[in-house]
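Novice: What follows is a predicted structure for the sequence shown.
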Amino acid sequence: MKPTGGSALAGIVLAAGASSRMGRPKALLPLNGHTFLARMVANFRGCCDPVIVVLGYGAEEIRASCAGADGAVFVTNPHPEQGMLSSLQCGLRSVPQNAAGVMFCPVDFPLIRQETAGLVAERFLSSRPPVALPQHLGKHGHPVCVSPEVARELLALPPESQAREVIHRHMGSAAILPVDDAGVITDVDSPEDYRKLGQLA
């Protein structure tokens, strides 16, 4: 976490994956006139400053086609093959040191509503728990907010670990926000998932 910036939540959109099952970058998939990435950046922009987008595979193509992601800060994970934790750690290293916390989400949750991200941010900022996240139909979802202390724990994880190891460690004192938003648990990994979006959007 770098030593500059404001006291708001920082946002991290994880868009470094190979999208091997989809066959093309998920960040650039269109949905209702906007790309997945543009939708996610817009969702975060309402409650986060800065909004950091972590790229990896297809970084050049995504940067060249990122209409709607104005104002985002782009960083590139030099080793995206190491997995999502490495991308999250890459984003965390660009977070202002005095950020109130960090909200993060993979780019493949395009149906999350902007108001949902705002509600999770509001809950986090009002009570400052170690972790805050939404819940829909009993399932925990995205985006996830973490405190600066938890962010440092995530940064300290070895490459073979997973972020959920840290998140689960703090679930006993987490702020869980029930929401009427199926988008928080709807990730898009395959062409079939993408086709189903037409029924959900």
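Specialist: Received, thanks.

Novice: how much space between residue 122 and residue 91?
Specialist: Counting by C-beta to C-beta, to the nearest Å, the gap from residue 122 to residue 91 is 22 Å. Glycine gets a C-beta too; all of them are placed from N, C-alpha and C.

Novice: whoops, residue 63 was the one
Specialist: Distance from residue 63 to residue 91, counting by C-beta to C-beta: 16 Å.

Novice: more neighbours, these two?
Specialist: residue 91 (25 against 13; other C-beta atoms under 10 Å).

Novice: what secondary structure does the closest residue in space to that one that isn't next to it in sequence sit in?
Specialist: Once flanking residues are discounted, residue 91 sits nearest to residue 12: 3.8 Å by C-beta to C-beta, 6 or more residues apart in numbering. Under DSSP: H, G, I helix; E, B strand; the rest coil, residue 12 falls in the strand class.

Novice: Check the gap between residue 12 and residue 191 for me.
Specialist: Distance, residue 12 to residue 191, using C-beta to C-beta: 26 Å.

Novice: Equivalent analysis for residue 128, please.
Specialist: Taken as C-beta to C-beta, the span from residue 128 to residue 191 is 41 Å.

Novice: Where does pLDDT dip in the chain?
Specialist: Residues of the chain meeting the criterion pLDDT under 70: 1-7, 67-68, 199-201.

Novice: Understood, closing this out.
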